[in-house]
Structure formats: C-alpha cells, structure tokens
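Q: Sequence plus predicted model, see below.
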There are 8 protein chains.
Amino acid sequence: MTPRPVVGILMGSDSDWPVMEQAVKTLQGFGVPCEARVLSAHRSPELVRRYASAAAARGLKIVIAGAGGAAHLAGVVAAHTTLPVIGVPINTKSLKGFDSLLSTVQMPKGVPVATVGIDNAANAAILAVQCLALRDARLARALAAHKRQLTASNRKADRRLPR
Amino acid sequence: MTPRPVVGILMGSDSDWPVMEQAVKTLQGFGVPCEARVLSAHRSPELVRRYASAAAARGLKIVIAGAGGAAHLAGVVAAHTTLPVIGVPINTKSLKGFDSLLSTVQMPKGVPVATVGIDNAANAAILAVQCLALRDARLARALAAHKRQLTASNRKADRRLPR
Amino acid sequence: MTPRPVVGILMGSDSDWPVMEQAVKTLQGFGVPCEARVLSAHRSPELVRRYASAAAARGLKIVIAGAGGAAHLAGVVAAHTTLPVIGVPINTKSLKGFDSLLSTVQMPKGVPVATVGIDNAANAAILAVQCLALRDARLARALAAHKRQLTASNRKADRRLPR
Amino acid sequence: MTPRPVVGILMGSDSDWPVMEQAVKTLQGFGVPCEARVLSAHRSPELVRRYASAAAARGLKIVIAGAGGAAHLAGVVAAHTTLPVIGVPINTKSLKGFDSLLSTVQMPKGVPVATVGIDNAANAAILAVQCLALRDARLARALAAHKRQLTASNRKADRRLPR
Amino acid sequence: MTPRPVVGILMGSDSDWPVMEQAVKTLQGFGVPCEARVLSAHRSPELVRRYASAAAARGLKIVIAGAGGAAHLAGVVAAHTTLPVIGVPINTKSLKGFDSLLSTVQMPKGVPVATVGIDNAANAAILAVQCLALRDARLARALAAHKRQLTASNRKADRRLPR
Amino acid sequence: MTPRPVVGILMGSDSDWPVMEQAVKTLQGFGVPCEARVLSAHRSPELVRRYASAAAARGLKIVIAGAGGAAHLAGVVAAHTTLPVIGVPINTKSLKGFDSLLSTVQMPKGVPVATVGIDNAANAAILAVQCLALRDARLARALAAHKRQLTASNRKADRRLPR
Amino acid sequence: MTPRPVVGILMGSDSDWPVMEQAVKTLQGFGVPCEARVLSAHRSPELVRRYASAAAARGLKIVIAGAGGAAHLAGVVAAHTTLPVIGVPINTKSLKGFDSLLSTVQMPKGVPVATVGIDNAANAAILAVQCLALRDARLARALAAHKRQLTASNRKADRRLPR
Amino acid sequence: MTPRPVVGILMGSDSDWPVMEQAVKTLQGFGVPCEARVLSAHRSPELVRRYASAAAARGLKIVIAGAGGAAHLAGVVAAHTTLPVIGVPINTKSLKGFDSLLSTVQMPKGVPVATVGIDNAANAAILAVQCLALRDARLARALAAHKRQLTASNRKADRRLPR
C-alpha cells in the first residue's frame, strides 16, 4: 500500500518537471511520501483552490510549488491554506528567473511563501523535511546524516583537486 | 439611479487607493460607470474568485487590477474570467516596482494581463475606454477629443517654456 | 473573398516573425481576420504613421505591435490612433528583453500600451480576442471554450506525470 | 517564569531591529515564545556558530535571521543546524534590497534558507508559526483565525473605499 | 536680432525642464544659439514629426531630446532626420531611470541616438558643441578652454580638501 | 595613396573585432576613411593617452571606442580630447552588457561619451557620419539615401511576410 | 613633521568627500599616514596619470579610489601602477550605485581593482591596513584588536535589545 | 620540497575549479606558492572556520575565495581572519552572476572582501601578488614585467588587425 503523501509538489506546467523532479527524488531519499501534480494558478485555478483548501484535511503537511515567469502558484496556494508553502522560482529564457523569483518571494504581509533559490527544488524538499523533522526524530537524524554527507562529499571533492 | 458599472477596479490593499483613484477619476471623466473594490488575491482569495467569476454576468466588461510586490491580483482575476484584465503594477519601497511589474506582465501563454506602466492607473482607465469604444461611438469621439486635448496641453506647456 | 482584417499585427523587423507568427495563428484559431506587416518606428516611420492613422477607418479594431530593444513601435502606433494597442516586447540577445519590456510598458499618462509578457505574442492575440468578444457572443463562447481547453490540457499534463 | 523560547530571531545589527521587531510582535501575538539576538555572521561569527549549533539542543525549533547587503547570516546559521532557517532580506540604501535578497535566497543545493520578502519580518514569523502548527492544534486554529482576520480586515478596507 | 538656432532642445513634458534647462545654459555658455521646445512623441506626434523633418532645412544642426520612462522622443526624432540626435534619459520615480536609459540607447541598426547619462543634459550640450566644433575653430578653442577649466576646478576642489 | 583617416575606431581587445568590424564596414560604405586600433585603457594606457591627445592634430574628427565589462576606453579617450567620442558597449558573458553600458554612458558632467546600443558598432559609424555630414553635402546626401534604403528594405521585408 | 603617507585616497569629486572621509578616519585610527586628493579620471586625467605613475616611488603602498557613475578612477589608476588599488563605488541618485559598482569591479584580466561595497570607504581602509599588516606586526595586532572590538560592540548591541 | 603556500585558494564546489584554476596558474606564473581547496561555507562550515582561523599561523598571507549564487565563502573567511580576503564571484546559470557579485562585495563595515570581476580568478591572483609585492622586490619587478607584457600583447593584437 502506498503511504499517504505528506508533501504535495505542484508545478504550473509539465515543462517544470525536470526541475521539480529533484524535489520528488530528494523527498524519496528521506522516505517522505509525496505526490506531484501539474496544477496552474492561471489555467486550472479551480483545481488549485480545491487542492490547497483540502490539503490539510487530506493529511498533507507542506506544499511545494514551482512556477516560472509571473509565478503565482505558490502565492495562490498560500492564500488557501495555512500549511507552510515553499516556492521554487523556475528559471526563464528571457529574464533569467528574476521574474519568477520576485513574483514568488515578495508576498504581502500575512501570507508568506518560503522561497528557495531559482530552480533549487532539492532545497525545497530539504526545507520540507526540516519542518517535518521538528517532531519526527527519524527525520531529524536523517537530516543530521545528510549534513554529514554534504561535508563528506565536500571533502571528497577537495581531495580530488589537482595538487 | 446609479448606472450599472461596466469597469471593475480592484486593488490589493487600501494603501493602493491614491494610485488607483486615478483610474476611477479618469473613467468618470469619460462617463464610464465603474466600481472600486479592495480585494486581495492573498488575503481574500474567495472574494476575488467570486468577483472575477461573476464579473461578466454582472455586466462588467473590463477589470482593472492594481497590486504591488508579488502582484498576483490581475493574474488571478484573469484566471477566472475571459473579460479583458488590465494590470497596474504599484511602486514598491524596496525594489521600486520591478517586482510588481514582472509579476503582473509575465503571464503564461493562454491567460494574458494587459499591463500598463508602474502606478499608471490613468492609462489603465484609458485602455479600458479604448476597448469599450470599439462599439461605442460616443466613447470613440471622447477618445479622439482626449487625444486632441493631450496635444493641446502639450502645446500649452511648450508655449510656457522660457524663451 | 478574404474577410477584412480586424486586427493588425505589426513587427519592427522580419526577424520578429517567428515570435509574432504565434499571434497570427492564435487569431486564426479564433477565426479573427488579421493582417501581418513589417513596419518599423525607426526605419519606416511614415508608413507606421499612415498605418496607425488609417487603422480605424480601414476597419481595424486592435493593433498588436512587437519590437525588441528600444521598442518604440507600439508606443508610436498608440500615439496615432485611439484603438487599443497591444505591445509585445521581443527578447534581446544582450539585455534579455529588459530593454524591450521597459520601453514598451512605461508609457506616459494619456497614451497606454497594453503590454504582454516578453515574446508572448499568443497572449497578445488572446487579449485582442477578449476585447473583440465584449460584443461578439461567438468570440465570448470561443474564449470560454479556450479556457476550458487550458484546464483540460493542464489536467492531461497532470495525468502524464510519473507517479 | 518565562517560557523557553522556541523561535530564535537573529539580526546582524541593531539597526535591523525596527524591521525584525515585527517578527517578535507577530510571534507574541500567536503566543509563541521567542528570543531576539544581535549576532553578526561577520562581526561575531563564533557566537553565531555556537548559537546555531546549540539551537536545537536548547529547544529552539526555528531560527529567523534578518540581514542586509551581503546578507550571510541566515545562510551561516543554516550551515550549522538542521532546524528550518527563515531569512529576512533587509532593505538597503543603495541597491534597494536586491543585494540582501539575492544573498539570502540563492543558497546552494543541500542547505536551504526559507526566504521571505524584503523587510517582511512579520511573514517570517507567520511562516515559523505555520511550521510549529504542523503538530500544534492550538496554533493551527490560531492560523485559521488569523487567515479569517486577514479577510475581515480586507473586507473592512473594501467598505471604507469612497463610493 | 536673435540668431537662428543651430541646436533644438526637445523634452517630452515641461516637468523635464529643470533637467533640460542645463542643456540650454551650457549651450548659451558656448554662445551656441538654441531653441527649447516641449514636444511629445506620444502626445503630439505630428508636431514631433514636422519638427524633426524640417529641422535640417530650418538650419538646425543637432537635436537634443530628453524624455523619461518609455522614452521614445529621441528615437522618433532620429527616425525623421539624418541630423545627429542626442538623447537624455530622464530619471524616473519608480525604475530610477533604467527604463529611460534602455529605451533611449538600444536603438536598432541604422538609426542611432547618441545617448548621454541619466539627467545629464549638460553633457548633451557639450556633445553638441563637440560636433559643431568639427569645423568651427572658435568652438574648438572654447572646448579646449572648457577642458582646462574642468581641470582647474578639479584642482581647486583638491586644494579645498581638509589636510 | 590611402586617404588620411577621419574616424578612429578603437577597441580594448581583438576579441571585440567581430563587433567593431561593423563600424569599419559601415564607414567604408559611406566612403569615410577610418583606422581601426586595438588599444586598452587598462593594458596600454600610455598608447590610449597619446592616441587621444594627438587625434585632432592627426586629422581625426571623431573617435569610436568599443569595450566590454568595466568599459573605460571611451571615457578615457574623451578625457584626453575634445573631439566627439562615441562609445560602443560590448556584450558580456555574465552580466549581458549591463556593465559595459553603464560604465560607458554614465559619464560625469563635462566629459560626454555619445553611447550607442550594446554591440551596435554600425550605429556608432552612422552617428559619426551624421556628425561629419553637418558640413559635407555629399555625406548628407548619402545619409538621406541610407535612410531611404532602410525604408526600402523594411518594405521588402514586409512584402516577404507570408499572407 | 608629518609622516610620509603610505595610502593615497583619491576621489573623483569633492562631493565624494563625506563618503571617502571615512577611509581617512579609519586609517588615522590605525595610525596609518595617508593623503586625500580630488583627482578625476575624466577632468584631470594628466594628474591622475602622474599621481598613479609616481605613487610607488613616492612611497605609497596602496591607492584607494572612490567614484560614482561611470566610475573609471580606480581602473585608470590601476592601469598606471602595480600597487594594489582599492575601488569604492559611490552611490548614485538614479541607478543607486549599480553603475558605480559594475564600472569599478568588472576590470579586464590583468588589471584588478579590489572592490568594496557601495559607499563603504571604511572597508577600503581596513583592506588597506590588512595588506600593510602582512609585514607590520603592530598593524596585525591592531587588526586583531579591531576584530575583537567588532565582536564586542556586536555583543553590546545584543545586550541593548529589548527583552 | 614543496614550498609553504602563501596564498590559499578556496572554492565552494569543485565545479568552480575551471574558473579558480586560473588563479592557481597565475600565481604559479609569478612563482608564488599556493594551495587550492574545496571548502564550502554552507556544506563544510567547520572546515572553513578552522582553515580561516589557522591561515595566518600556517603562513598564509592572503586567501582567495570563489563562490557562486549566495556566495558567502569569502565573507565567512573574512569573518575569521584579518588576512586580506579576495572574493571571486562565480557566474551563475540563472542570474548571470548578479547574485554572486552582490553577495560577495556588499560586506558590512568592518569586514571587507576585496572583490574582483565575475569569474576573474586571474585578477584575484594578480591582486594577491600586488599585496605580496609590497615588500618583495622580486614580485614587484615581476608585476612591472607583467604590465609591460600586457602592453606588448595589446600592441601585438593591434598589429594583427586587418588594415
């Protein structure tokens, strides 16, 4: 039986999948059940609203939303839920992600979106795990291990440098 | 009896009123009935959705939406109606309207927002009149007169220059 | 017999055709007769002036103008007509469309250009259809169908995601 | 007896206090015990390291860090803890917060900082409450109430508009 | 008898006068007859066209054009004359002159605008004098004197520094 | 016998040649003798100084200078001559020419650089011809012909559009 | 007898003095003899060249140069000396120091300018002291003390926060 | 026996090696012993701290640190040492190095980072040599020779231009 997802990963378009897939893989690496959906704030607003409104009741704890350009998805989700919403600004061909970043992060007082770096869906996943780990000792240990691994692979890269 | 409004003027916060008031005044100058509402994509999303979804049925022809920062209002309205939506990016203290402009104008394919200059609510109103004038001979004449007046006041300013 | 065009699609250079062609195709999809022209605000200003001044009398209802860099075309057209003018900022090699966007959208009070996203000529066409649909029930229905289709293809993309 | 703080609010300089104070007040409004500290990634790096390293053991659940310019504070804290770290980019005189925003949000893969809008410390606090509410039913209810209140004050502002 | 002007100084609005006045004063300092006009590419395009088309025949040698925002004035003048056109981007409240600069300088191949710094109308005037001096020995000497004066006042400022 | 050059074309590095070559070719097209030199404000400052100081005496009328990044070449030349100096900002890999443009155009009061668009060396050449044409009837006629040709090739491109 | 200056502090204009004065005061605080001069890369290039060329022979070890806009001063000095040159980009009214920063830092390969933050002349001075301290044990100790003092005043600010 | 390194070259990731390698090669060209290390402010903060704190005692005179995005490495090193720290902002895929540059250069008062141009690791090395040359006559002569070589290769490029 598939475990009930605790993190919802939304993207405005399936062209965002190569970026957002990293969030899925990172969460899977931590053993956190998640679901990925293509839902657009502009093309399927009703579905976004229903998804966001029902998210908490369905057992989701966190929503990650990635979008590019006038990236409203994360903000619109945040308008419909009190769960933490993490925004991933997706790089754009012309303005190089400046548009995605500013339209994700500059939310008005009262409705935050936790914004990570452009195209950095892996970090969105880790941030989600950090929130979940606040009361999940297994995840807290996994994060500590992950941190040690970051250091370890940094050391390994260091040793690979030509001397 | 107040005439039924044909243009809806939305703003995310009442702090946007000094800017958006210019749209109201400009429309009034053209004799176009309008209504002004404070509705936030993030703080009152349900109201925005209902307003946008019902707009056409209520007799509105055009919606003007002004917002600052992660300015999602115009885009969210456009997601819920097929009426033309005009976006007014509002100037911001830190990023000087770059955020408002990019998050208003860079809409995805399929859901346009007709964006005017930062804080330029008067132009949003004129654009609305231009759309309405497509089949309203009185408004078309009023726009022609307005254009002559622009030239006239430009000339007047020209004559006032020190020689 | 070719129907009389109701939308004029201008571009500053034929190198803009691959972008602006989307406007033509989108309008054709809605059954809106249009004409496409290469006219430059800087290289053929007389032609632009005559085109814009005669546009309304020729039966055009809306002008779409795409240009890159110091993108003056839409603004110059708007100076010569009271028809709605929609501007499409074209992406540029060095400044990535920042120049095209700012020189299209930041019009002075009195002479608006309805600006869409960088390279987003399809949205310019849809915006034109939205204006025309204000009194054309067939187009209004077509826009509603288009909106349903956006949702439908969003759903389809959603179902295609790996689970 | 003062309750043990669960949120640590750091700022790089006491000149950031007028901004960061909003985080304190917002958390107090939710009844979430917090502590505010001036700790600089560049002027007191040892203290930051010790603070961040000991944060979890001291019972902190979340760290909020505000800084301006080359805003490294949130990132440095995130390097030393697996708790969620929320970054508040502070507005700057010359570059208008572009520097603070980019140096807070663009963290490398593996070490996220949950970034909120420039100077938006209140949103950092709400985000913190959202994380804490994942397993605290009282806070979840308070967030729901807060969301209703946002809508209510939006409605009130709407009613205050001149008609 | 007033001498026939050889430099035309245009501005889009009389609000640009405090900036453009520096061009007038600088030219007067060099004894170069000039005329200042308020003419807008968007509000009085016919006048701009006529002015630019007739400029050479009227004896003008150079046109200086200052405008802000979507600053099309210099480009439109350049479209209608083969005289050198100097553009002065005017500072703007929101985008701080980025818009004015980019829309003045990024002209397409074939139609240059000689752009000076934001609000730097004095430099536009000096550039005009440099062009005129190519065959006017008196102006060439005046420019040499002006250059010495720049050095001299730089030296004077140097001596005034506290030691 | 080679005619004495009247326009000097400088570039900071030979990697700028593919861009600056357009200036050479454009000037040749107008029959204006020119010389092209690699001279760097930072790597061969003495040569730049001597070149600029001697330019007028050597019979040069105008200097065109192209450089990228911290593009000081045009400004340094302008510091050493009262001839008109035209700056060509060269596109850059990282900052996309923003750096080159700003460091070329934002000259202090008293020492102008006539700046053209990024990589637009052809326009620098035309601007030079426009200055030279102020007293050269042949060049004035050639510029008029060039302007007609711009219109003609614009018309040709217009006719090539698919109907 | 005044000690021979080891650091030269240059500024393009005396309007830069309020910023550059911080460099003087900071150096004085470390007991490092310095001299301050107004010398402009554009208005007094000969003086700059002579100053820079003679700097090493006169006993200067480091040059600090502050300028705004198209800020060429530091780069031009660096072209004429092999001493370390530290650049201070000065804030500007329109472009908020973006221009000064980019034109100072983006130097070509071979001729570096050590750039500090916008208006941060104090840091330029400390950087100069750090270079001098490489072989001056007194200065090295003074820097260590200064670092402790930074921490101490950070701590003091921390204690002043309202609890 | 390998000579003890006097310059430490740090990079946040081994993907920065192709850029930072230029620093190594340039230093080797000057005969300055150096060591290159992969150390991340965010992934191996403890190692960075130890490296920076011990740098002076280990005989290092200067640290060069290259990083991209939220580039904290140079700043964090500078927080832990009073040696001169030179920052190399590394180009980024989305924001084109704007993020790296601003997060490296905009350091707070008291803790400078000597920032060079984006990806310009060669200049970081030359700057390091300039600091070391303050009391090393051999290096001073090598720098003078290097400067002559810059001029020479500039001249050579000049002669290669097509005439």
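A: Right, received. Where do you want to start? Numbers count the residues shown, from 1 in each chain, chains lettered A, B, ... in the order given.
Q: Give me the buried stretch members for stretch A:83-102, please.
A: Neighbour-count burial for stretch A:83-102, counted by 16 or more other CB atoms under 10 Å in any protein chain shown, picks out A:83-92, A:94-102. Where C-beta positions appear, they are placed from N, C-alpha and C, glycine not excepted.
Q: Tell me the residues on chain A that lie near chain D, please.
A: Residues of chain A found near chain D, taking CB under 8 Å from any CB of the partner chain as the criterion, are A:56, A:61-62, A:82-84, A:86, A:101, A:105-118, A:120, A:122-124, A:126-127, A:130-135, A:140, A:143-144, A:146-147, A:150.
Q: Buried by neighbour count, from these: which ones?
A: Neighbour-count burial within the residues of chain A next to chain D applies to A:56, A:61-62, A:82-84, A:86, A:101, A:105-118, A:120, A:122-124, A:126-127, A:130-134, A:140, A:143, A:146-147, A:150; the criterion is 16+ other CB under 10 Å.
Q: Show me these that map onto strands.
A: Filtering those for membership in strands, criterion DSSP state E, returns A:62, A:86, A:114-115.
Q: export the residues you listed to JSON lines and tack on distance to chain H and pLDDT?
A: Compiled in JSON lines, those are given as follows (distance: CB to the nearest CB, whole Å; pLDDT from 0 to 100):
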{"residue": "A:62", "distance to chain H": "22", "pLDDT": "98"}
{"residue": "A:86", "distance to chain H": "17", "pLDDT": "98"}
{"residue": "A:114", "distance to chain H": "15", "pLDDT": "98"}
{"residue": "A:115", "distance to chain H": "12", "pLDDT": "98"}
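Q: Save these as JSON lines, and put in distance to chain E too.
A: Compiled in JSON lines, those are given as follows (distance: CB to the nearest CB, whole Å):
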{"residue": "A:62", "distance to chain E": "36"}
{"residue": "A:86", "distance to chain E": "30"}
{"residue": "A:114", "distance to chain E": "28"}
{"residue": "A:115", "distance to chain E": "23"}
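Q: Next, give me the two most distant ones among those residues.
A: With CB to CB as the measure, no two of these lie farther apart than A:62 and A:115, at 14.0 Å.
Q: Which residues are in contact with residue A:153?
A: For residue A:153, the contact set (CB atoms under 8 Å, 6 or more residues apart in numbering or on different chains) comprises residue H:43.
Q: Could you measure from it over to residue E:54?
A: In this structure, residue A:153 and residue E:54 are separated by 72 Å, where distance is defined by CB to CB, to the nearest Å.
Q: List the buried residues for whatever helix or strand residue A:48 lives in?
A: With the criterion set as DSSP states H and E, the secondary-structure element containing residue A:48 is helix A:45-55. If you call a residue buried by 16+ other CB under 10 Å, then helix A:45-55 has these buried ones: A:45, A:47-49, A:51-53, A:55.
Q: now the helix ranked longest in chain A and helix H:45-55, what's the angle there?
A: When every helix of chain A is counted residue by residue (DSSP state H), the longest turns out to be helix A:137-160. In terms of direction (axes from the mean of the first three to the mean of the last three CA atoms, to 10 degrees), helix A:137-160 departs from helix H:45-55 by 40 degrees.
Q: I'd like to know how far residue A:95 sits from chain F.
A: Taking CB to the nearest CB, to the nearest Å as the measure, residue A:95 and chain F are separated by 11 Å.
Q: first vs last residue of stretch A:55-64, how far apart are they?
A: End-to-end distance for stretch A:55-64: 12 Å, by CA to CA, to the nearest Å.
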